[in-house]
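> After the sequence you'll find the predicted model.
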Amino acid sequence: MNCEWVQQNITLYLYSELADDARHEVEQHIARCKACAAELADQQEFQAQLNALPVEEPSASFLAASRMRLQEALETAEQKRAWYHRFAFDPTAWLRQVRFSPALAAVIFVVGFGGGIGAMYSAMSGKAPVPRVVSGSPQEASISGITSIEKEPGTNNVKVQYDKRLPESVQGSVSDPKVQDLLLYAAKSNENSGVRLNSVDALTSKADDPRVRETLTYALRYDSNPGVRLMALDGLGSYVKDDIRVRNAVLEALLNDSNLGVRSGALHALEPVRADSSVRMALQQLSKEDPSEYIRTESGRMLASMPNIY
């Protein structure tokens, strides 16, 4: 272990973020190296100065937004990702593991040797390795744009016209997989806000479908047109109680949307879950500091309707 490695990891050592074996090696090195011992003393002094500074409390809205993003990330993350992250971002720990595991080192050698032989054989035989092809939806790949969406009054039938090599159209129920794929595509990809609005309007009748709900959530968060965001919010309203991702998106709209109409709609959509801790914290902050008198008043009213929580 050299001085450069130790000095790069002293901060991790101070905050007890190193593995036990690495921590032991750092301590052994510092005991015999004056330069690294001096670096550690400087870092400890700096840490003490930081700890002496007053800590500012984050706002309730910031805490609420952070909590909902963390909760959503934890729910959607795959458990096995942690192993890959560790492999990618802690190569020294992995190499130490190889160092103390001759069997693992032998396996790596055999795999690497076999891979090299395979590549050489492919090159000598004139056969290139077969590339991995990642294909998207054939329907989306052949579409150049959706030009119009018309909904038949009083029914769930819609007519979607889109450009391929030549203009084509398909007509049927929103439940029809082909129609639904086109609507999902239009809601996220079309440059025409009117087409996006009609698409989202048609999709709201199928918000029980997880794919549709994900698209409506996307529209609420990212669409540039407030009318589209309002339409998406209308379709998501009944799922605020049971779908945490919908609730987080609606809460995010309440806190961050630039349109007062969207924020007002989000506020009322959250009323059934006003006792949720994240929602309650946001309401407390909004009732005191929001620039909109309407948002302040309505937030205060929703808080007043809840029993006191001690």
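Structure received. Numbers count the residues shown, from 1 in each chain.
> Mind telling me what element residue 214 is part of?
Assigned by DSSP states H and E, residue 214 belongs to helix 210-222.
> who does that helix touch, helix- and strand-wise?
With contacts taken as 3 or more Cβ pairs under 8 Å, 6 or more residues apart in numbering; DSSP states H and E, helix 210-222 sits against helix 177-189, helix 193-203, helix 226-236, helix 244-256. Using the backbone N, CA and C atoms, a C-beta is placed for each residue, glycine as well.
> Of all those, which one comes closest to residue 293?
With Cβ to Cβ as the criterion, residue 293 lies closest to helix 244-256 of the helices and strands packed on helix 210-222, at 15.7 Å.
> The helices and strands packed on helix 210-222: which one's closest to residue 21?
helix 244-256 (39.4 Å).
> follow-up on the earlier one: output the helices and strands packed on helix 210-222 in JSON lines; the columns should cover mean pLDDT, mean neighbour count and distance to residue 20.
Output for the helices and strands packed on helix 210-222, formatted as JSON lines (pLDDT from 0 to 100; neighbours: other Cβ atoms under 10 Å; distance: least, Cβ to Cβ, whole Å):
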{"stretch": "helix 177-189", "mean pLDDT": "89", "mean neighbour count": "20", "distance to residue 20": "48"}
{"stretch": "helix 193-203", "mean pLDDT": "92", "mean neighbour count": "23", "distance to residue 20": "53"}
{"stretch": "helix 226-236", "mean pLDDT": "94", "mean neighbour count": "24", "distance to residue 20": "48"}
{"stretch": "helix 244-256", "mean pLDDT": "94", "mean neighbour count": "22", "distance to residue 20": "37"}
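> and the ones you listed as JSON lines, adding distance to residue 218?
As requested, the helices and strands packed on helix 210-222 are exported to JSON lines (distance: least, Cβ to Cβ, whole Å):
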{"stretch": "helix 177-189", "distance to residue 218": "6"}
{"stretch": "helix 193-203", "distance to residue 218": "10"}
{"stretch": "helix 226-236", "distance to residue 218": "8"}
{"stretch": "helix 244-256", "distance to residue 218": "9"}
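> any low-confidence regions in the stretch 1-150 of the chain?
1, 55-65, 67-69, 71-142, 144 (pLDDT under 70).
> Would you mind listing the buried residues in the helix holding residue 214?
Buried positions in helix 210-222, judged by neighbour count with 16 or more other Cβ atoms under 10 Å: 212, 213, 214, 215, 216, 217, 219, 220, 221.
> Identify the residues contacting it?
The contact list for helix 210-222, computed with Cβ atoms under 8 Å, 6 or more residues apart in numbering, reads 180, 184, 187-188, 196, 200, 203-204, 206-207, 228-229, 231-233, 235-236, 239, 243, 245-246, 249-250, 252-253.
> before we move on, the earlier item: ok, which of the helices and strands packed on helix 210-222 comes nearest residue 305?
The nearest among the helices and strands packed on helix 210-222, by Cβ to Cβ, is helix 244-256 at 16.9 Å.
> mind listing what's buried in the helix or strand that comes right after that closest one?
As assigned by DSSP H and E, the chain's next helix or strand after helix 244-256 is helix 260-269. Neighbour counts using 16+ other Cβ under 10 Å place 262, 263, 264, 265, 266, 267, 269 of helix 260-269 among the buried residues.
> Reformat these as JSON lines; add distance to residue 302 and pLDDT.
Below are the buried residues of helix 260-269 laid out as JSON lines (distance: Cβ to Cβ, whole Å; pLDDT from 0 to 100):
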{"residue": "262", "distance to residue 302": "17", "pLDDT": "94"}
{"residue": "263", "distance to residue 302": "14", "pLDDT": "95"}
{"residue": "264", "distance to residue 302": "12", "pLDDT": "93"}
{"residue": "265", "distance to residue 302": "14", "pLDDT": "94"}
{"residue": "266", "distance to residue 302": "12", "pLDDT": "95"}
{"residue": "267", "distance to residue 302": "8", "pLDDT": "95"}
{"residue": "269", "distance to residue 302": "12", "pLDDT": "95"}
